[in-house]
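> heads up, no residue letters with this:
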């Protein structure tokens, strides 16, 4: 027979009270991200900080001393996503009046603890996250496209080292693979390079159960993704490339729910960003 000692019985209320307090204390001390199943994601071709032009950075801090505040407020107040994907990123924001480099990450993305910026070939791709990027220091984050190199041309697109980033973001309630792309393009041979690289992505990721591929696709024709079972966040509603009104920036996904998709208009780049809510199943 199991016998409960009286001394133990007297301690039960105290022990129960302490247990409840410990649980409550644990809830107070835990970060909200420990329990999250959703996060906000923004995708923006930032245009090399050309302040709306289509070339390398044209920021002249002496002529426009307010430009830093414009970028900072748009990124951290108007958008402020949990995960920020960027195309045509430049690690150098501008040079100050003494010719010293002012670095973009420090000036604009200080609230993002985890960062990865790809190499400056074709154009830089970058991802900034308030959540841990698990494979941040792996050698295979940068993946180079190969499909376009088999296309014979006389405009040198096939010689470009175009790449995408493959990252694993841990939001606390789960881990999601986010692929950052800036698909190649040519006005002389429209669609050829885009479709070759899209086909390469489809072949690599078609069997993934849960995945986001996002960035500047340089085309609105994403039928190859749809045929492979992916969903498209921007079905043409949001004309993100403002000079020509093209819906070329997008979020392609599988195994997650995308909601509250919005486009935020800005003159800080020739592209407008997309922002959405991502929910893990």
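Arrived safely, thanks for sending. Keep in mind the model is a prediction, meaning the values are calculated, not measured.

> for the stretch 51-200 of the chain, what spans make up the helices?
67-73, 104-108, 192-205 (DSSP state H, counting those that start in this stretch).

> tell me the average confidence for the longest one?
For helix 192-205, the mean pLDDT works out to 96.

> Give me the helices and strands touching it, please.
Helix 192-205 is packed against strand 175-182, strand 211-216, helix 223-227, with contacts defined by 3 or more Cβ pairs under 8 Å, 6 or more residues apart in numbering; DSSP states H and E. (C-beta placed from N, C-alpha, C; glycine too.)

> and the last one, how far out from the chain's middle?
Right, helix 223-227. Centroid separation for helix 223-227 versus its chain: 21 Å, with Cα atoms, centre = their mean, to the nearest Å.

> Partner strands of the very next helix or strand once past it, with direction?
Next along the chain after helix 223-227, taking DSSP states H and E as the criterion, comes strand 231-232. Strand 231-232 sits in its sheet next to strand 249-254 (antiparallel), going by DSSP bridges.

> Skip the chain neighbours and tell me the closest residue to the residue nearest the centre of the chain.
The residue lying closest to the centre of the chain (Cα atoms, centre = their mean) is residue 85, at 2.5 Å. Closest residue to residue 85 apart from its sequence neighbours, by Cβ to Cβ, 6 or more residues apart in numbering: residue 43 at 4.7 Å.

> Mind telling me what element that neighbour is part of?
Here residue 43 is assigned to strand 38-45, by DSSP H and E.

> ranges for the strands of the stretch 1-150 of the chain?
With DSSP state E, counting those that start in this stretch as the criterion, the stretch 1-150 of the chain has strands at 38-45, 83-89, 92-95, 101-103, 114-117, 124-129, 132-133, 142-144.

> tell me the most buried of those strands?
Comparing the strands of the stretch 1-150 of the chain by mean neighbour count (mean count of other Cβ atoms under 10 Å), strand 83-89 comes out on top with a mean of 27.

> which helices and strands does that strand pack with?
In terms of contacts (3+ Cβ pairs under 8 Å, 6+ apart), strand 83-89 is packed against strand 38-45, strand 124-129, strand 175-182, strand 211-216.

> Confirm residue 235 sits in a helix?
No: under DSSP: H, G, I helix; E, B strand; the rest coil, residue 235 sits outside any helix and is assigned coil.

> Distance check, it against residue 159.
Distance, residue 235 to residue 159, by Cβ to Cβ, to the nearest Å: 33 Å.

> higher neighbour count, these two?
The residue with more neighbours, out of residue 235 and residue 159, is residue 235; 13 against 9, by other Cβ atoms under 10 Å.

> ok, and the closest non-adjacent residue to the more buried one?
In space, and not counting its chain neighbours, residue 235 is closest to residue 247: 7.9 Å by Cβ to Cβ, 6+ apart.

> neighbours around the one you found, how many?
Neighbour tally, residue 247, other Cβ under 10 Å: 20.

> before we move on, what about residue 60?
13.

> Just to check, residue 211 is in contact with residue 205?
Yes: Residue 211 lies in contact with residue 205 (Cβ atoms under 8 Å); the separation is 5.7 Å.

> Pull up the overlap in contacts between those two.
Both residue 211 and residue 205 are contacted by residue 179, under the criterion Cβ atoms under 8 Å, 6 or more residues apart in numbering.
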